[in-house]
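**Q** Here you go, sequence then predicted model.
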2 protein chains.
Amino acid sequence: MALTLASVLSKSEEIVGSDHSSVVSINLFVALLCACIIIGHLLEENRWMNESITALAIGLCTGVVILLTTGGKSSRLLVFSEDLFFIYLLPPIIFNAGFQVKKKQFFRNFMTIILFGAVGTLISTVVISIGAMHFFKKMNIGSLDIGDYLAIGAIFSATDSVCTLQVLNQDETPLLYSLVFGEGVVNDATSVVFFNAIQSFDLSHINSSAAMQFVGNFLNLFISSTILGVLAGLLSAYIIKKLYFGRHSTDREVALMILMAYLSYMLAELFYLSAILTVFFCGIVMSHYTWHNVTESSRVTTKHAFATLSFVAEIFIFLYVGMDALDIEKWKFVSHSPGMSVGVSAILLGLVLVGRAAFVFPLSFLSNLTKNEKIDIKQQVTIWWAGLMRGAVSMALAYNQFTNSGYTQLRGSAIMITSTITVVLFSTVVFGLMTKPLVRILLPSPKHTSSMLSSEPSSPKSFTAPLLNGQDLEDNKCSYNVSRPTSLRMLLSTSSHTVHHYWRKFDDAFMRPVFGGRGFVPFIPGSPTDESLLQWQH
Amino acid sequence: MALTLASVLSKSEEIVGSDHSSVVSINLFVALLCACIIIGHLLEENRWMNESITALAIGLCTGVVILLTTGGKSSRLLVFSEDLFFIYLLPPIIFNAGFQVKKKQFFRNFMTIILFGAVGTLISTVVISIGAMHFFKKMNIGSLDIGDYLAIGAIFSATDSVCTLQVLNQDETPLLYSLVFGEGVVNDATSVVFFNAIQSFDLSHINSSAAMQFVGNFLNLFISSTILGVLAGLLSAYIIKKLYFGRHSTDREVALMILMAYLSYMLAELFYLSAILTVFFCGIVMSHYTWHNVTESSRVTTKHAFATLSFVAEIFIFLYVGMDALDIEKWKFVSHSPGMSVGVSAILLGLVLVGRAAFVFPLSFLSNLTKNEKIDIKQQVTIWWAGLMRGAVSMALAYNQFTNSGYTQLRGSAIMITSTITVVLFSTVVFGLMTKPLVRILLPSPKHTSSMLSSEPSSPKSFTAPLLNGQDLEDNKCSYNVSRPTSLRMLLSTSSHTVHHYWRKFDDAFMRPVFGGRGFVPFIPGSPTDESLLQWQH
């Protein structure tokens, strides 16, 4: 995007930094990012705050300052852009999530995650759409057709996986983390697919064949995206194993990993797949194979470089959402009926709460019927609550549906945009602030120590045993609620273990010899690959 | 740039990747970058090749393929953009150069570097301008005024520091590396300042006061830019030392270092300073103070992440230049007089050779009069030769002077653009190919081993002594041509050592206690900060 577009500006007065006002914007934005990191670090000990809320607050304050400085004309340094978000900011966040996720835990709960992410999101979308249709038709908020209502359902069903990552801790609550985060990734994909389907389908003729087509479309998309991500990851592992064996070059390895991950994301975009799913699975495969084929310096570098990229992208998003919230243009339309805007936002917030409850509790019940590892009621409440936050995906979808290049002219659309902003801000700040204390109350754990750094996804505290056998050890750790297995549960649990057993055999016999991985590349003693680096790998 | 511009595209059919053709471009470009890295690695053993030439060749091949595919309509995936180059690609390259440069060697030759970079570039500019005026006036190549001729001088005096970095090796030829690279950085700044001065000054009234104003302007720019870079580096050291002491977070540290370095670059742009100089000195200060205040993981990560960013940006530039060279639009204007284009390019290449010779040999003579460490004639030839390559800075300046948003209409301008491309390609490929063998012939060294990786700027082979005293050791190593000192030389040499002595005292007494640095932060034994990491720090 930027590449082709930057040329528009390329001829101007000075040679360096042709558009001075955008240089000012970049300066301010980078300075604000630094401020967010520093203030976020200072507030880390605070049990209510997290970095998202800090960035949102700083964004809001900056918006106020700019609003006052420019005499109420503008509050934004940059116009919100879906491209910026989907092409540059989202890929590092999702890739890093896949790269650092505890794979064992994720695959153990795979079916539950898919259930929550796909079926749950559809339930939530339908509930919110019907609710919105019911309430808004009476309120005279401007012209909204059935496509708009379904879009509203999709917009407000997209949970904010970024915020979830900051609130839950992978080491403290591994089951919940993998459920809520995994659901978030699948949920993003479902929302975007559903949203695109709404925009392209003829909505006046919905019948069962169209529904079947939608389901087939979704399955196809899910499987293709996953396969593309896995292939990209395997290719990177194979290339690095073949090329660099015995003659390593850290910079080239790191560059190749980053570029191939990004390539998988962009290829998925190219084929209209779900790039989020692709890059997530690419991250998982890269951490399982590629990461073990590179030098020790590359391992340290990639681990932290990906986390840093993701961290900066997250702060960027929240800073931006905070700043954009005060854009005066959008609020002009709703200024003569402030009560209506508050009403619409309140209804939407209520629908978000109801829509999420409508699938978390029934689906948890379903999941408990078949799984050995039960989700108890406290955990269900936490899952429900932790997924209530709405973030940048909702914003991007809302802008796509209700604006034209970031600007809106219709009253109904303007109300929907301001309501989306209100819901995003309110849910992130209020629900976000309450999540940390809620988790502490509902799920007290002896491991809660304030010195645990949230930006270190894998704390060394979790493991003490020999690390090359770490994965066998973990089997005994994840039994949070092991009840006496019934026969159905036993069957499914056994089959799950059998699948895992055969996967390991297959992995050791065929995959690792070709693609590398732990134990299949020489281990150099005394290298920086010490315990603290190996232990997040299972 | 990208931020404000991306919004232009933000509303379109699909939600993800709104402009499908630019998604295709990004895909192809990222895939080509991967190909360059892989092929570059395979060709590494080759004594003639380097990564720049590989990228140029791949770019040219891709250009041919696109040209054939589109039926001769277009050869470029992306329109060349100065903003892309100056705002995104150049900062990581120059910052990394400052971060990894051997500081001792650089400051030892500081005066010579300034002499070559500032005075030398001006001599070269004047020689090329006068030569171009002399030859082109007879050739009827279209309307070029005095401003254009001076611009041509500035364009073809901008050496390609990126290419230099790839050809010379910091460990094999430390004196030459620091001279040629240091000159390149100052040279970039001088060229850009001079170019801007030409565009803003009234060239019909050149007198001595205007010349004085120009010199004053340059000195002011040089000193302000340096101070800004040093301040930014010190600020980052201070913040990280104060905030993170005892409670480190690798991701935040790395993010802060990257963001503050970029902030220094953008601030320099904001104040119309030389951002290249600023970010170079910011890199030096960060490697001297900030780097020692962070965790061991952060040290490994920053060292390799910066090198990787720089590496990718370099390949990107050469790939792009290669691809852009075949743009059919530009060659249309010169197609009916191919002889003239060849003639102009040949004249310019000759002027580049003469212009560089006109300052390297006289200034080396001057430098030898005052310095203990003599530059012998073989080294002078190497310096002359290694700075002959012209690269992306020349391209960016030429596009700025002779095109309008990447397109040109005038015949004279079109000839200058195609000649610039020819000179850049020819000098990079031919001069570049010959530099490695030339260095081997002129400066045979027992340390020349093919296993030395060019992407590892500091090879462990250079040092064997205890590392915390490494800088005292190096004093004895850099005496390539120590002749019997004359009294003048002795005086200057002694004063140089005295300056260094007092700087160290000042550094230890005042700077390091405040800003951190080696020995002023706790050293954790057994940490990844082992010899291989420390030894490039002096």
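**A** Good, I have the coordinates.
**Q** Can you tell me the closest non-neighbouring residue to A:W291?
**A** Spatial nearest neighbour of A:W291, excluding adjacent residues (CB to CB, 6 or more residues apart in numbering or on different chains): A:R299 at 6.1 Å. For the C-beta atoms, the positions are set from N, CA and C on the backbone; glycine is no exception.
**Q** How many neighbouring residues does the one you found have?
**A** A:R299 has 23 neighbouring residues, counting by other CB atoms under 10 Å in any protein chain shown.
**Q** ok, for the residue nearest to the spatial centre of chain A, nearest residue in space, not its chain neighbours?
**A** Against the mean C-alpha coordinate of chain A, by CA atoms, centre = their mean, the closest residue is A:S161 at 3.3 Å. Nearest residue to A:S161, sequence neighbours excluded (CB to CB, 6+ apart): A:G184, at 3.1 Å.
**Q** which stretch of helix or strand covers the one you found?
**A** Taking DSSP states H and E as the criterion, A:G184 maps to helix A:174-200.
**Q** contacting residues around A:V279?
**A** A:P91, A:I94, A:F95, A:G98, A:G229, A:A261, A:S264, A:Y265, A:A268 (CB atoms under 8 Å, 6 or more residues apart in numbering or on different chains).
**Q** quick one: the helices in the stretch 251-400 of chain A?
**A** Listed in chain order, the helices of the stretch 251-400 of chain A (DSSP state H, counting those that start in this stretch) span A:275-288, A:296-324, A:328-334, A:338-370, A:377-386, A:392-402.
**Q** weakest of the ones you listed by average pLDDT?
**A** Among the helices of the stretch 251-400 of chain A, helix A:328-334 carries the lowest mean pLDDT, a mean of 70.
**Q** got the residues of the stretch 101-250 of chain A near chain B?
**A** Contact residues, the stretch 101-250 of chain A versus chain B (CB under 8 Å from any CB of the partner chain): A:V192, A:F195, A:N196, A:Q199, A:I239, A:L243, A:Y244, A:R247, A:S249, A:T250.
**Q** Drop anything exposed from these.
**A** When these are checked for burial by 16 or more other CB atoms under 10 Å in any protein chain shown, the buried set is A:V192, A:F195, A:N196, A:Q199, A:I239, A:L243, A:Y244, A:S249, A:T250.
**Q** how much space between the fifth one and B:V312?
**A** A:I239 sits 16 Å away from B:V312, going by CB to CB, to the nearest Å.
**Q** swap in the second one?
**A** When CB to CB is the yardstick, A:F195 and B:V312 sit 33 Å from each other.
**Q** Let me know the secondary structure of A:E44.
**A** Recorded secondary structure, A:E44: coil (DSSP: H, G, I helix; E, B strand; the rest coil).
**Q** My error: substitute A:N169 in the last question.
**A** Classified using three-state DSSP, A:N169 is coil.
**Q** Tell me how many other residues crowd it.
**A** Neighbours of A:N169 using other CB under 10 Å come to 20.
**Q** Now it: phi and psi?
**A** As for A:N169, its main-chain torsions (degrees, to the nearest 10) stand at phi -110, psi 130.
**Q** That one is in contact with A:Y177, isn't it?
**A** Yes: checked against CB atoms under 8 Å, the pair A:N169 and A:Y177 is within contact range at 6.8 Å.
**Q** Which neighbours do the two have in common?
**A** Counting by CB under 8 Å, 6+ apart, nothing touches both A:N169 and A:Y177.
**Q** before we move on, back to that, out of the contacts of A:V279, which is nearest to A:F218?
**A** A:A268 (15.0 Å; CB to CB).
**Q** about what we covered before: just the contacts of A:V279: which are in strands?
**A** Per DSSP state E, strands hold no members of the contacts of A:V279.
**Q** Max pairwise distance over these: which two?
**A** Longest span within the contacts of A:V279, CB to CB: A:G98 and A:A268, 13.2 Å.
**Q** what sits against the closest residue to A:L273 other than its chain neighbours?
**A** Once flanking residues are discounted, A:L273 sits nearest to A:S225: 4.3 Å by CB to CB, 6+ apart. The neighbours of A:S225, taking CB under 8 Å, 6+ apart as the test, are A:A189, A:A268, A:L273, A:S274, A:A275, A:L277, A:T278, A:F281.
**Q** Of those, which is the nearest to B:I114?
**A** Looking across the contacts of A:S225 and measuring by CB to CB, the closest to B:I114 is A:A275, at 49.3 Å.
**Q** Can you get me a residue count around the closest residue to the closest one other than its chain neighbours?
**A** Counting by CB to CB, 6+ apart, A:A275 lies nearest to A:A268, which is 3.9 Å off, once chain neighbours are set aside. Neighbourhood size, A:A268 [other CB under 10 Å]: 27.
**Q** and the stretch 251-400 of chain A, which of its residues are near chain B?
**A** A:251-252, A:254-256, A:258-260, A:262-263, A:266-267, A:269-270, A:272, A:275, A:296-298, A:300-301, A:303-305, A:307-308, A:311-312, A:396-397, A:399-400.
**Q** before we move on, back to that, mind picking the lowest-pLDDT entry from the residues of the stretch 101-250 of chain A next to chain B?
**A** Out of those, that is A:R247, at 65.
**Q** Would you list the phi and psi of A:V294?
**A** Main-chain torsions, A:V294, degrees, to the nearest 10: phi -100, psi 170.
**Q** And A:T69, by the same measure?
**A** phi -70, psi -40.
**Q** Next one: it from chain B, what distance?
**A** 16 Å (CB to the nearest CB, to the nearest Å).
**Q** again, but for A:I383
**A** 27 Å.
**Q** tell me the contacts of that residue?
**A** A:F116, A:L176, A:L179, A:V180, A:E183, A:V360, A:S364, A:I375.
**Q** What of A:D188?
**A** A:D188 touches A:I94, A:A158, A:T159, A:S161, A:I276, A:V393, counting by CB under 8 Å, 6+ apart.
**Q** I am finished for the moment; much appreciated.
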